[in-house]
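Asks: following is a predicted model, sequence given first.
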Protein chains: 2
Amino acid sequence: MSLARLSLIPKPRTIACIGRNYADHIKELGNERPKEPFFFLKPATSILHPERGPILSPRGADLHYEVELAVIMGRTADEIQPSEALDAVKGYCVGIDMTARNWQQATREKGLPWSLVKGFKTFLPVSHFIPKNKIPDPHNVRLHLEVNGKVRQDDSTGLMLFNIPRILQHVSGVFALEEGDLVLTGTPKGVGNVVPGDVITAGVSVDGVELEEGRIEVKVEERAGGYSKL
Amino acid sequence: MSLARLSLIPKPRTIACIGRNYADHIKELGNERPKEPFFFLKPATSILHPERGPILSPRGADLHYEVELAVIMGRTADEIQPSEALDAVKGYCVGIDMTARNWQQATREKGLPWSLVKGFKTFLPVSHFIPKNKIPDPHNVRLHLEVNGKVRQDDSTGLMLFNIPRILQHVSGVFALEEGDLVLTGTPKGVGNVVPGDVITAGVSVDGVELEEGRIEVKVEERAGGYSKL
Ligand SMILES: [Mg+2]
Ligand SMILES: [Mg+2]
Ligand SMILES: [Mg+2]
């Protein structure tokens, strides 16, 4: 399939991201296992579509990658039940939840919101749109991420603590999700930092076969303007 | 002017809300004064337009009101400078940043995101659209909020610690704001809780004259479904 025939994901209003949804990732950051799913929001303008330029690293940030399977809503979901949740999904993409880890740590110690440390522009590189029929079971695909060709994350989505129906029940029990909204489902173990000049690749495979629609290849560059701690 | 001639605010993608922007409100919650503006995001589906029904109070939540002046963007603002920031604004509304205060406290102690405690559906009652020319100086209007007719908040926006140009510089230095996006500018002192059955009224006055477009009148009811801690 030629890359030109792949579709961009639709522009969401709301992007909800689940935290701490893989046990080994919780351990590597020394965090507590949550009793219920929790989420934060990223702004729509943090999205970086394929071929749209580098990830911009704010000056002073310790920039971390987190590869995740993202669910794309096909219709409004308002207090949806787990049994109906997957019917409300129209497709998927691979997303990288970029995080300013040092500023996140400071933010957490002060009990402040995560919106800045997760919300910078280009902090959500995404793949092309993956039609729903390409992922028959979203809890049985393999996510992977490499930095400069070296594998850093490679795990099955079967390791999620809260599965997608439970996640959608939780989020839509707080506020309604709408068509095109994006829900990131958490990252497996292996997160780490990148620096300007690094190239991140990521993707998803189904039964050992890589999905062309799920490929991400993106460079990291230092951000010239905008917010910085320097 | 007849109410039917007033316009609803446009539907935003991103709603950024500034925290701790009035000194006396910081004191009343026993918080630290921030060295730079900070913000969190609310989802678009938390908006409650005029006449669209009650604020729904999640079971187990200690529900607090926070009246705020909200800025409505007229164009994209990406790393905007303070001197140009007000040019990018097309109007205003009054908004009430409803907050589950008890859950916020627990969230802050754990260093978790604020998205749930701020993001429930109906947690952002707004007024009608206030055209820019009705508020010649957004730092010189009076915000007020009453519960069952008793005044609880009544202060000038001149008391903001970070003014609107500085706020828009900060947020747009993190990610781009787009036309229709909403930026809430913080609440003055006097926050407190409401319970099912209470009626909240709020508004804004300019030179002592109430703006019809800025009026909010909304009842609080218990939410039947959705997320709860009970
Ligand atoms: Mg993540
Ligand atoms: Mg949003
Ligand atoms: Mg507020």
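Replies: It's in. Numbering: from 1, shown residues only, chains lettered A, B, ... in the order given. Ligands and ions are numbered 1, 2, ... in the order given.
Asks: contacts only, for whichever residue of chain A sits closest to ligand 2.
Replies: Residue nearest to ligand 2 within chain A: A:T14 (4.7 Å; CB to the ion). All C-beta atoms are positioned from the backbone trio N, CA, C, and that covers glycine. When contacts are counted by CB atoms under 8 Å, 6 or more residues apart in numbering or on different chains, A:T14 touches A:41, A:175, A:177-178, A:181-182, B:43-45.
Asks: now with 7 Å, please.
Replies: Contact analysis of A:T14 by CB atoms under 7 Å, 6 or more residues apart in numbering or on different chains lists A:41, A:177, A:181, B:43-45.
Asks: specify which member of those is nearest to ligand 1.
Replies: Nearest to ligand 1 among the contacts of A:T14, counting by CB to the ion, is A:L41 at 12.1 Å.
Asks: and the closest residue to that closest one other than its chain neighbours, what is it in contact with?
Replies: Leaving aside its sequence neighbours, A:L41 sits nearest to B:L41 (CB to CB, 6 or more residues apart in numbering or on different chains; 4.2 Å). Residues near B:L41 by CB under 7 Å, 6+ apart: A:41, A:43, A:115, B:14-16, B:115.
Asks: okay if I get those as CSV plus distance to ligand 1, pLDDT and secondary structure?
Replies: Listed next are the contacts of B:L41 as CSV, based on distance: CB to the ion, whole Å; pLDDT from 0 to 100; DSSP: H, G, I helix; E, B strand; the rest coil:
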residue, distance to ligand 1, pLDDT, secondary structure
A:L41, 12, 98, strand
A:P43, 15, 98, coil
A:S115, 14, 97, helix
B:T14, 19, 98, coil
B:I15, 21, 98, strand
B:A16, 20, 98, strand
B:S115, 13, 97, helix
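Asks: drop anything exposed from these.
Replies: Buried members of the contacts of B:L41, scored by 16 or more other CB atoms under 10 Å in any protein chain shown, are A:41, A:43, A:115, B:14-16, B:115.
Asks: and the gap between the closest residue to A:I47 other than its chain neighbours and A:V141?
Replies: Of all residues not flanking A:I47 in the chain, A:L124 sits nearest, at 4.9 Å (CB to CB, 6+ apart). Distance of A:L124 to A:V141, given as CB to CB, to the nearest Å: 20 Å.
Asks: taking chain A, what residue is nearest to ligand 1?
Replies: For chain A, CB to the ion, closest residue to ligand 1: A:D97, 3.5 Å.
Asks: how many other residues sit next to that residue?
Replies: Other residues near A:D97 number 25, with proximity taken as other CB atoms under 10 Å in any protein chain shown.
Asks: got the contact list for it?
Replies: A:D97 makes contact with A:17, A:66, A:68, A:118, A:124, A:184, A:187 under the criterion CB under 7 Å, 6+ apart.
Asks: lowest average confidence across helices and strands of chain A, where is it?
Replies: Between all helices and strands in chain A, the lowest mean by mean pLDDT, DSSP states H and E belongs to helix A:23-28, at a mean of 91.
Asks: list the contacts of that one.
Replies: Residues from elsewhere that reach helix A:23-28, judged by CB under 7 Å, 6+ apart: A:20, A:33, A:161, A:187-189, A:191.
Asks: quick one, which of the residues you listed are buried?
Replies: For those, buried by 16+ other CB under 10 Å: A:20, A:161, A:187-189, A:191.
Asks: hmm, which two among those residues are most spread apart?
Replies: Farthest pair in these (CB to CB) is A:L161 and A:V191. Separation: 16.1 Å.
Asks: give me the residue from chain A nearest ligand 3.
Replies: Nearest residue of chain A to ligand 3: A:P113, at 11.0 Å (CB to the ion).
Asks: tell me the confidence at that residue?
Replies: As predicted, A:P113 sits at a pLDDT of 97.
Asks: contact residues of chain A facing ligand 2?
Replies: Those residues of chain A that sit near ligand 2, judged by CB under 5 Å from the ion, are A:T14.
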